[in-house]
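K.L.:
here's a sequence, model it:
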Amino acid sequence: MTLKQTGDAGPPADREHPDGGGHRWMMVACCIPMLAIFGVLIATGVAGAGAFTFVVVCIALMGMMMLAMPGGRRH
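P.N.:
Numbers count the residues shown, from 1 in each chain. Sure thing, here's the model as predicted:
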């Protein structure tokens, strides 16, 4: 069986993800529960600077993962 080589690299980039950024909003939604819990802990006086550092690092790592994904920088 032989493969036909047409030079076509695949679907155009605009048709690759038809949802238009839905993945970005899903990643933001993953951070919302952590931010809500952090807000409650700050309001009750349980959390301090260490919790804030954890939240900032977690969000930064989420952003780095989004940038490291293949398929362009539309994340």
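
K.L.:
ok, residue 62 touching residue 31?
P.N.:
Yes: the pair residue 62 and residue 31 qualifies as a contact (CB atoms under 8 Å) at a distance of 6.2 Å. Just so you know, the C-beta spots here come from the backbone N, C-alpha and C atoms, and that holds for glycine as well.

K.L.:
what is the mean pLDDT for stretch 67-74?
P.N.:
Per-residue pLDDT over stretch 67-74 has a mean of 68.

K.L.:
ok, longest helix in this protein?
P.N.:
Determined from DSSP state H, the single longest helix within the chain is helix 22-44.

K.L.:
which residues sit against it?
P.N.:
The contact list for helix 22-44 (CB atoms under 8 Å, 6 or more residues apart in numbering) reads 17, 47, 51-52, 55, 58-59, 62, 66, 75.

K.L.:
burial count for residue 52?
P.N.:
When neighbours are counted by other CB atoms under 10 Å, residue 52 registers 13.
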